[in-house]
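Asks: Kindly return the folded structure for what I paste below:
(4 chains)
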There are 2 protein chains.
Amino acid sequence: MNRTFDSGFASRHSLTRQRILDAAESLFAEKGFETTSLRMITAEAGVNLAAVNYHFRTKDALIDAVIARRIQPINQERLAMLAEAAGKAAGKPPELEDIVRAMIAPVLRFRQRDPELGRRVGLLFARSYADPNEMVRPVFLNHMQQIFRPFTEALRRALPSLPPAELLWRMHFGVGVMAHTLAGCDHLKVISGGLCDLSDVEAVIERMVNFICAGMRAPLVAQSSRYLENL
Amino acid sequence: MNRTFDSGFASRHSLTRQRILDAAESLFAEKGFETTSLRMITAEAGVNLAAVNYHFRTKDALIDAVIARRIQPINQERLAMLAEAAGKAAGKPPELEDIVRAMIAPVLRFRQRDPELGRRVGLLFARSYADPNEMVRPVFLNHMQQIFRPFTEALRRALPSLPPAELLWRMHFGVGVMAHTLAGCDHLKVISGGLCDLSDVEAVIERMVNFICAGMRAPLVAQSSRYLENL
DNA sequence: GTCTATATGGGGATAGAC
DNA sequence: GTCTATCCCCATATAGAC
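Replies: Down below sits the predicted model:
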């Protein structure tokens, strides 16, 4: 597994390696990890079947490399935007909208440079979260763990009156909005008759920020006794 | 494929058939459709491998039957709750909270009678939406299509000032909250240190209703020219 | 209706020549 | 680094005895 990240200069910059990563990313996004065979990947990449084994050793290590290549820069940008929001607030709690936007915008703005690539990456992440493969979800969640604490802490400061459990629930709901939008954008376009799509990226980001922040700020409700105990 | 629904009395009530459905449901929910082999299913069910072929003909038809068995009664209950909300409003637009609750509560209340079964069904639906199998998602979305129009119409009446495209986006976000909660409840319990779980079903329903309704009612924002054109 | 045995195909991984 | 050829395993589906 170390080979995935520690491979030497020659192989890391090998053209064959890049072609495999690109083909795998596209097929994984479109058809899922399990359904995509190494034979499909090498055919799409125009390389030999054995090249996968040479460059990545196993299919799992290839999956790992495909996910890491995209999520690492996106998470770095999320943290940079979060730091910017904290700087802008100058000691006060950061603006809620800025925090939520820092989480959402980097993954969606991929589409501005290359809409097709952005769509693929969105689907890739959605699949990484949902895939039944025993390795995929932990790998993905491990990357997410790196940004979980700073975002939780910023939200706690922005919403100080929210009980800790309630904050975590609402964060979970907010992630659901993002994940479902990345996973289901094509379907929404179909059922809306083309009315809703992701072509205007900034508008969609603001829609999501608006929806999520309203949910995060909702007044508490208390309808169950056990509900109160959990707060 | 017709056999799935039209099979005769004897086979529809066969014990073997039930055992296969139960085992398949459990394994599909836990490991996904592609990963689960017919051998795993028949081993778990304590029946012979060939019995699957006899009762369902193909694996795809079995998947179809597993999904349909659970989603049909849940969607019937959703429509019943929606009708009740409309009746309660007596000609006026139904209460937004009642509409959202009608969508969410039936799938979560499965857990009250049998928490394990409820968890399985939630995971099953989440997987049905996300699975790369070419047949699974259309089968699932086809069931959802049956309730899409009445819910859209009720929401339009409850939120008359919302432009049609904005309403569809917000419905999509709301479904994301529900889907992600069903798919990720185990993970949320882990990262929250056990603070958040689905054991108090009614409280979780009210949390979700509260979050989603706040998002649905959020004032419009307009930050992009193309955003305005779409409304 | 239920079993055993098997047909048929595809999967990941590898050995060893170049 | 890249190729051909192949090993070995497991999948779905089916034929045919009981």
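Asks: ok, now which ones touch A:V107?
Replies: Residues counted as contacts of A:V107 (Cβ atoms under 8 Å, 6 or more residues apart in numbering or on different chains) are A:I74, A:V121, A:G122, A:F125, A:M178, A:L182. Quick note: C-beta positions are derived from backbone N, CA and C, even for glycine.
Asks: wait, does the longest helix along chain A contact DNA strand C?
Replies: In chain A, with assignment by DSSP state H, the single longest helix is helix A:59-89. Yes - part of helix A:59-89 sits near DNA strand C under the criterion Cβ under 7 Å from any atom of the strand, namely A:K59, A:D60.
Asks: For that helix, buried residues please.
Replies: Neighbour-count burial for helix A:59-89, with 16 or more other Cβ atoms under 10 Å in any protein chain shown as criterion, is recorded at A:59-68, A:70-71, A:74-75, A:77-78, A:81-82, A:85-86, A:89.
Asks: For that helix, name the packing helices and strands.
Replies: Where contact means 3 or more Cβ pairs under 8 Å, 6 or more residues apart in numbering or on different chains; DSSP states H and E, helix A:59-89 is packed against helix A:3-6, helix A:15-31, helix A:38-45, helix A:49-56, helix A:96-113, helix A:115-130, helix A:136-158.
Asks: any idea of the mean pLDDT for that helix?
Replies: When pLDDT is averaged over helix A:59-89, the result is 98.
Asks: If I take it and helix A:96-113, what angle do their directions form?
Replies: 130 degrees (axes from the mean of the first three to the mean of the last three Cα atoms, to 10 degrees).
Asks: How about helix A:59-89 and DNA strand D, touching?
Replies: No - looking at helix A:59-89 against DNA strand D by Cβ under 7 Å from any atom of the strand, there are no contacts, and the closest approach is 13.9 Å.
Asks: Which of the contacts of A:V107 sits closest to B:V100?
Replies: Here the nearest of the contacts of A:V107 to B:V100, counting by Cβ to Cβ, is A:M178; it sits at 19.4 Å.
Asks: Now do the buried residues in stretch A:145-162.
Replies: Within stretch A:145-162, the residues that count as buried by 16+ other Cβ under 10 Å are A:I147, A:P150, A:F151, A:A154, A:L155, A:A158, A:L159, A:L162.
Asks: Contacts for that stretch, please.
Replies: Outside stretch A:145-162, the residues that touch it by Cβ under 8 Å, 6+ apart are A:75, A:78-79, A:82, A:85-86, A:93-96, A:99, A:102-103, A:164, A:167-168, A:170-171, A:216-217, A:220, B:191.
Asks: and if we set it to 7 Å?
Replies: Stretch A:145-162 is touched from outside by A:75, A:78-79, A:82, A:86, A:93-94, A:96, A:99, A:103, A:167, A:171, A:216, B:191, with contacts defined as Cβ atoms under 7 Å, 6 or more residues apart in numbering or on different chains.
Asks: one step back: quick one: the helices and strands packed on helix A:59-89 as JSON lines, columns for distance to B:L198 and mean pLDDT too.
Replies: Formatted as JSON lines, the entries for those read as follows, by distance: least, Cβ to Cβ, whole Å; pLDDT from 0 to 100:
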{"stretch": "helix A:3-6", "distance to B:L198": "35", "mean pLDDT": "38"}
{"stretch": "helix A:15-31", "distance to B:L198": "30", "mean pLDDT": "97"}
{"stretch": "helix A:38-45", "distance to B:L198": "38", "mean pLDDT": "97"}
{"stretch": "helix A:49-56", "distance to B:L198": "38", "mean pLDDT": "97"}
{"stretch": "helix A:96-113", "distance to B:L198": "24", "mean pLDDT": "96"}
{"stretch": "helix A:115-130", "distance to B:L198": "18", "mean pLDDT": "96"}
{"stretch": "helix A:136-158", "distance to B:L198": "19", "mean pLDDT": "97"}
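Asks: could you redo these as CSV and give each row distance to DNA strand C?
Replies: As requested, these are arranged in CSV below (distance: least, Cβ to the nearest atom of the strand, whole Å):
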stretch, distance to DNA strand C
helix A:3-6, 11
helix A:15-31, 10
helix A:38-45, 4
helix A:49-56, 3
helix A:96-113, 27
helix A:115-130, 15
helix A:136-158, 13
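Asks: I'd like those helices as TSV, with distance to B:K31 appended.
Replies: What follows is the helices and strands packed on helix A:59-89, written out as TSV (distance: least, Cβ to Cβ, whole Å):
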stretch	distance to B:K31
helix A:3-6	25
helix A:15-31	18
helix A:38-45	21
helix A:49-56	24
helix A:96-113	28
helix A:115-130	13
helix A:136-158	12
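Asks: between those, which gets nearest to A:H187?
Replies: helix A:115-130 (11.5 Å).
Asks: how big is the angle separating the closest one from helix A:15-31?
Replies: Relative orientation of helix A:115-130 and helix A:15-31, computed by the same axes, to 10 degrees: 70 degrees.
Asks: who does helix A:115-130 touch, helix- and strand-wise?
Replies: With contacts defined as 3 or more Cβ pairs under 7 Å, 6 or more residues apart in numbering or on different chains; DSSP states H and E, the secondary structure elements packing on helix A:115-130 are helix A:15-31, helix A:59-89, helix A:96-113, helix A:136-158, helix A:164-191, helix B:115-130.
Asks: Need the residues that contact that helix.
Replies: Contacts of helix A:115-130 with the rest of the structure, by Cβ under 7 Å, 6+ apart, involve A:25-26, A:28-29, A:32-33, A:67, A:70-71, A:107, A:110-111, A:136-137, A:140, A:179, A:182-183, B:126, B:130, B:183.
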